[in-house]
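Student: take a look and give me a structure for this.
(2 chains)
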Amino acid sequence: MTIDRKVVIESLSKIKVQGNQDGLIPGFGVLVNQLPASLWNNFADMLTNSVGPDMLEPAQYLLRWAGNECGYHTGYGIITSEEWKAVVQPMITKQPDDILHGAFAIFSAWGWAQCEIVELVAAEKMVVRAYDYYESDIVLKGQSRVMSAYMLEGVCAAFFDLAYGKKPYPDGLGTFVCTQTKGIECGDDYGEFVVTRAK
Amino acid sequence: MATQKTVEWVIDHKFDRRKCRHTMGDVPMVLHCHHYTSNYLRLADDAKDMNGKAIMCKASEAAFLPVFKSYFAQHQIHDLAERVGLIEEYWRMSGMGLLQFERIGAMSAMVRMPRSHADEGWVKKWGKRKDPINFIGQGYLMAAMAAIFDESAGSFSVTETQSIVSGAEASLFTIVRS
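Tutor: The predicted model follows:
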């Protein structure tokens, strides 16, 4: 891996994001917003604690799906952006592995999670560890019985879809799935996310 | 518009390199895209049995109210016009669109939104629809009114009476004291 995470994070965390005169932030092929993380956490937390046991899984699936689509489309926008070409592209020596490492460095720079790839089997499996992530903020004291980093799960699978999807963008979404196996919100030291091929 | 005042929200942006977190005035902030917003709004709309729309409004009110209250306290903002201007500016700055308070009183207000991330993002992704979807905006305005009048959460209710997502040139929100 030739991606210098520290350099990528340092460079891309400095990008100033602010609405234009129309109050919009067009960028990376999408419309971006910058909001308090608690907005997304509040909704996911309140919704999953309001549904009955029979509806919990569908609700979780749809929260994950939001991250999945977000990661796939915005992820593609990131790895084809001018910022990427300027900072990350020159560090890439092995494709698509280095693209994935670079994408996760940007993931950290954007404030989604302090995370990195710890295991990578080309086109088969990826394990990501997150040492800090905003989705764990839903638990302030104690431990949750439910792992709830839905956005992270969705985005991890989506990034692997971009790298190894059965079809290139925009038709490769859903090739892989991600399962959260550890969670800070559940008392673990870090969150762990395992991406494997969808059945 | 007698209440309008040009103001600037002082951005106290920090990036914590150890945790990789962005904060503005100690509030953790995160970037997302219109795909994410649209999917959350659709989930809120689809979750009819547990009143998903109300959950999203409450989630939004709970996220923004402390931001406004703490900013007004920290910067000693007491003037109503200045508070309104800051609420409009924060929305613009966040990439959520343009907000214009057409009128505001202690019991009610009327707000126009000529540009909207939520509506325009939805249309871009799925096309127009009949019913409003900007539940984040509704919750934001609930928080805004509560902060402007030094009230608590749940003091105001918001109805979106016309929407960009339905083809209107601007979204309109009517706010009344609960």
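Student: please identify the buried residues of whatever helix or strand B:Thr174 lives in?
Tutor: Following DSSP states H and E, the helix or strand that holds B:Thr174 is strand B:171-177. Across strand B:171-177, burial judged by 16 or more other CB atoms under 10 Å in any protein chain shown covers B:171-173, B:175. For the C-beta atoms, the positions are set from N, CA and C on the backbone; glycine is no exception.
Student: and the contacts of that strand?
Tutor: B:106-113, B:116, B:119, B:132, B:134, B:137-138, B:141-142, B:145, B:155-165 (CB atoms under 8 Å, 6 or more residues apart in numbering or on different chains).
Student: and the helices in chain A?
Tutor: A:5-12, A:37-48, A:53-79, A:82-87, A:97-109, A:150-164 (DSSP state H).
Student: how far does the biggest helix by length in chain B sit from its chain's centre?
Tutor: Longest helix in chain B, counting residues (DSSP H): helix B:52-74. Distance of helix B:52-74 from its chain centroid, counting by CA atoms, centre = their mean, to the nearest Å, is 8 Å.
Student: tell me the mean pLDDT over the helix or strand that that helix is followed by?
Tutor: With elements assigned by DSSP H and E, the helix or strand that comes after helix B:52-74 is helix B:80-93. For helix B:80-93, mean pLDDT is 97.
Student: can you list the weak-confidence ranges in chain A?
Tutor: Per-residue confidence of chain A (counting by pLDDT under 70) places the weak regions at A:1.
Student: count of neighbours near residue 151?
Tutor: Unless you meant another one, I'm taking chain A. Using other CB atoms under 10 Å in any protein chain shown, the number of residues around A:Met151 comes to 27.
Student: hm, I was asking about chain B
Tutor: The burial count for B:Glu151: 15, using other CB under 10 Å.
Student: what is the nearest of the buried residues of strand B:171-177 to B:Arg42?
Tutor: B:Arg42 lies nearest to B:Ser171 out of these, by CB to CB, at 17.4 Å.
Student: B:Arg21 versus the residue nearest to the spatial centre of chain B, what's the distance?
Tutor: Centroid-nearest residue in chain B, with CA atoms, centre = their mean: B:Tyr140, separated by 2.9 Å. Separation of B:Tyr140 from B:Arg21 (CB to CB, to the nearest Å): 22 Å.
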